[in-house]
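Novice: coords below, sequence missing:
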């Protein structure tokens, strides 16, 4: 099989190696059709940023989808999404990290299952209520997923801000979304604002944008260990700040969010593939270079050809 491997900070390549092995009868062997880049996490890890260190060599990625080859409880050929699967042509799906994809839904849309759970967990922690506006600071892939799911779950308007307009093009497919480089132009202060930037500046922006008595959710993994924010102003306005990361998500809540996500997919209520550039998996090193330098980059999907799934002990 083939996989993406980082040999050291800033260096990626595609290599040929042995297929992973199952550890029991419940494990499912999956031939991967597509794996989706998680831009914020993978960029931070590739560059060795604070709070994102990994050991090298490292197989990046954790979102994929494909077809069952064998093992487990699903029939051969069943279309499935995987959590925790790296960028590789063959993966092992273990119970709880594998879910059948509804008919008619795209594998690429289904592959973002983990980020969708992250987004909905943040909306739940923040107390999203249908019919109320939601604010989002940050326009990367997680931000796009958050605002689209917020709309599906009943937000009457989703207000977005980012440091630049470089990624605002994705808003064109979102009728409920209003983008403004300055949140002061939103026209209202939403009761819930999610900071998906992972940066100190993002948190400060979210605190200034939220309504008095509102909630700011710091979603995902912050890329800094401290932040300089207008704490007194947040205190005076009775703003609540909470963190939301799926490491704190219990199994029951995860199952509820998973069920909602795949229901949305089945109904055609959620899609994300329109903002994901498709690239042959062999071009992964080129994509990572763009991820590091291109401010317009939102996300990418690596397409794995059937030939890449053949077992091999060769190296490249």
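Specialist: Now that the structure is in, tell me what you want to look at. Quantities reported herein were computed from a predicted structural model and do not represent experimental measurements.
Novice: okay, now residue 186: neighbour count?
Specialist: 19 (other Cβ atoms under 10 Å). From N, CA and C alone the C-beta is placed, and that goes for glycine too.
Novice: The helix or strand harbouring residue 46 - contacts with which helices or strands?
Specialist: Element membership for residue 46 (DSSP states H and E) is helix 39-47. Other helices and strands packing on helix 39-47, by 3 or more Cβ pairs under 8 Å, 6 or more residues apart in numbering; DSSP states H and E, are helix 141-152, helix 284-293.
Novice: Export the ones you listed as TSV, with columns for mean pLDDT and mean neighbour count.
Specialist: Shown next, in TSV, are those (pLDDT from 0 to 100; neighbours: other Cβ atoms under 10 Å):
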stretch	mean pLDDT	mean neighbour count
helix 141-152	98	25
helix 284-293	96	16
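Novice: Throw those helices into JSON lines and include distance to residue 66, thanks.
Specialist: Compiled in JSON lines, the helices and strands packed on helix 39-47 are given as follows (distance: least, Cβ to Cβ, whole Å):
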{"stretch": "helix 141-152", "distance to residue 66": "20"}
{"stretch": "helix 284-293", "distance to residue 66": "17"}
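Novice: ok, back up a step: got the angle between the helix holding residue 46 and helix 284-293?
Specialist: 100 degrees (axes from the mean of the first three to the mean of the last three Cα atoms, to 10 degrees).
Novice: which other residues reach helix 39-47?
Specialist: By Cβ atoms under 8 Å, 6 or more residues apart in numbering, the residues outside helix 39-47 that reach it are 6, 9-10, 12, 49, 51-54, 58, 60-62, 140-142, 196, 198, 220-221, 223, 288, 291-292, 297-299.
Novice: Now it: buried residues?
Specialist: 39-46 (16 or more other Cβ atoms under 10 Å).
Novice: Sort out which one of these lies nearest residue 70 for me.
Specialist: residue 42 (29.5 Å; Cβ to Cβ).
Novice: just for the stretch 51-200 of the chain, where's the confidence low?
Specialist: Counting by pLDDT under 70, the stretch 51-200 of the chain contains no low-confidence range.
Novice: That one: helices as residue ranges?
Specialist: 107-111, 113-125, 141-152, 200-209 (DSSP state H, counting those that start in this stretch).
Novice: Of those helices, which is nearest residue 89?
Specialist: helix 107-111 (13.9 Å).
Novice: Check which helices and strands that closest one is in contact with.
Specialist: Counting contacts by 3+ Cβ pairs under 8 Å, 6+ apart, helix 107-111 is packed against strand 28-36, strand 63-71, strand 79-83, helix 251-267.
Novice: Give me the angle between the second one and strand 28-36.
Specialist: Right, strand 63-71. Using the same axes, to 10 degrees: strand 63-71 against strand 28-36 is 160 degrees.
Novice: likewise the third one?
Specialist: Relative orientation of strand 79-83 and strand 28-36, computed by the same axes, to 10 degrees: 80 degrees.
Novice: for the helices of the stretch 51-200 of the chain, which one sits closest to residue 163?
Specialist: Nearest of these (Cβ to Cβ): helix 200-209, 7.4 Å.
Novice: Past the closest one, which element shows up next along the chain?
Specialist: According to DSSP H and E, the helix or strand after helix 200-209 is strand 215-219.
Novice: strand partners of that following strand, parallel vs antiparallel please.
Specialist: strand 192-195 (parallel), strand 240-244 (parallel) (DSSP bridges).
Novice: quick one on the thing from earlier: any idea which of the helices of the stretch 51-200 of the chain gets closest to residue 75?
Specialist: Using Cβ to Cβ, the nearest of these to residue 75 is helix 107-111, at 16.5 Å.
Novice: what sits up against the closest one?
Specialist: Contacts for helix 107-111 (Cβ under 8 Å, 6+ apart): 33-36, 63-66, 79, 81-82, 99, 101, 262, 265, 270-273, 276, 278, 301.
Novice: Save the helices of the stretch 51-200 of the chain as CSV, and put in distance to residue 71 too.
Specialist: Shown next, in CSV, are the helices of the stretch 51-200 of the chain (distance: least, Cβ to Cβ, whole Å):
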stretch, distance to residue 71
helix 107-111, 19
helix 113-125, 20
helix 141-152, 30
helix 200-209, 42
